[in-house]
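> mind folding the following:
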Amino acid sequence: MHIQLRFKPAEAAPEDAFQLLLECHVRIREFCLVALRLARQVEAPPHERSEAAGRLTRYFTEALPRHVADEDESLAPRLLQAGLSPAGREALAEMSRQHADIEALLAALLPVWSELAAAPGRHPALAPELAGDSERLAARLEAHLYLEEQSLFPEARKLLPPEEARAVLAEMRARRAPGTSPRGKGGEP
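Numbering: from 1, shown residues only. Predicted structure coming up:
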């Protein structure tokens, strides 16, 4: 069975920081689905399994850290400075805790994906661990994205002055500029 590796073509870059953050969330959800399919589809051809595992490794080591930096380094300090509500402060603290939990789970998944990229025939031996960890990752990321979409982003849209929102967008774009490092800079989330 084919593991979907390609997504719709990229559209023009958004002009709004929150739109870009939400587009990142769409891609995060798409890659969670790829992780779940990779774990569950035992009949996938080895080359598809290898390619999917390689894409997951790249995405979660290069793009996701940029998105986390967008939130932790660009958005969070501005929200705190702008007078985030007590509920918003708690949501922001929870966002940071969730980032740490997700990073810990990825520390377990990344070596497995790297191994599958190099040796897709190992899938039967790795499938039980891969399935459980992929399900946990998808659930944690969905809860995390929901928190941001329902609590933080709406308040941030209201709270941040236009010049601060533009500064967030500029920093996000700088992280994705060609030639910048993956940990917080360069490429698409």
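
> just the pLDDT for residue 37.
According to the prediction, residue 37 has pLDDT 96.

> pull out the buried positions in the one helix or strand it maps to.
Secondary structure assignment for residue 37, by DSSP states H and E: helix 17-40. Within helix 17-40, the residues scored as buried using 16 or more other Cβ atoms under 10 Å are 17-18, 20-21, 23-25, 27-28, 31-32, 34-39. (Glycine included, C-beta is placed from N, CA and C.)

> just checking, what packs against it?
helix 46-58, helix 64-69, helix 86-118, helix 123-147, helix 153-159, helix 162-175 (3 or more Cβ pairs under 8 Å, 6 or more residues apart in numbering; DSSP states H and E).

> separation between residue 68 and residue 158?
Per Cβ to Cβ, to the nearest Å, residue 68 is found 23 Å from residue 158.

> my bad, should have said residue 86
Taking Cβ to Cβ, one finds residue 86 at 15 Å from residue 158.

> identify the residues contacting the spatially closest residue to residue 136 that is not a sequence neighbour.
Nearest residue to residue 136, sequence neighbours excluded (Cβ to Cβ, 6 or more residues apart in numbering): residue 105, at 5.9 Å. By Cβ atoms under 8 Å, 6 or more residues apart in numbering, the residues touching residue 105 are 133, 136, 137, 140.

> now the angle between helix 46-58 and the helix holding residue 37, please.
Using axes from the mean of the first three to the mean of the last three Cα atoms, to 10 degrees, the direction of helix 17-40 lies 140 degrees away from that of helix 46-58.

> kindly calculate the angle that helix 17-40 makes with helix 123-147.
Going by the same axes, to 10 degrees, helix 17-40 makes 160 degrees with helix 123-147.
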